[in-house]
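Trainee: after the sequence you'll find the predicted model.
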Amino acid sequence: MALKRIDVYVDEADLALIKDAATRLGVPEAEIIREGIHRIALAHRVRDEPFVTDEETFDLGGPGAKDSTRAAATGG
């Protein structure tokens, strides 16, 4: 992957957090910043197709009660 250089302005408190994380993990500060940018870019992407189609979903009979949900989750 080719990297492109950009200028970014960072709040001092955020920069301190980045420096601390980089030191703790033993990686360059730039790596922490690149990872953060990548995660946010993935979180805000828009897909052309739905994640699941209507044919791939199940009708569970409407909203369930709290007790039935807990029983289904715990097997009890």
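Mentor: Ah, there it is.
Trainee: average pLDDT across the helix or strand harbouring D67?
Mentor: Element membership of D67 [criterion: DSSP states H and E] is helix 66-74. Per-residue pLDDT over helix 66-74 has a mean of 74.
Trainee: got the contact list for A73?
Mentor: By CB atoms under 8 Å, 6 or more residues apart in numbering, the contact set of A73 is empty. Where you see a C-beta, it was placed from the backbone N, CA and C, and this is true even at glycine.
Trainee: tell me where the model's unsure across this protein.
Mentor: For the chain, the stretches with pLDDT under 70 are 60, 62-66, 76.
Trainee: as a check, name the ranges of all helices in this structure.
Mentor: Per DSSP state H, the chain carries helices over the ranges 12-25, 29-43, 66-74.
Trainee: check which residues of the second one are buried.
Mentor: For helix 29-43, the buried set under the neighbour-count rule, 16 or more other CB atoms under 10 Å, comprises I32, I33.
Trainee: next, the angle from it to helix 12-25.
Mentor: Computed with axes from the mean of the first three to the mean of the last three CA atoms, to 10 degrees, the direction of helix 29-43 lies at 110 degrees from that of helix 12-25.
Trainee: elements contacting helix 29-43?
Mentor: With contacts defined as 3 or more CB pairs under 8 Å, 6 or more residues apart in numbering; DSSP states H and E, helix 29-43 has these neighbours: helix 12-25.
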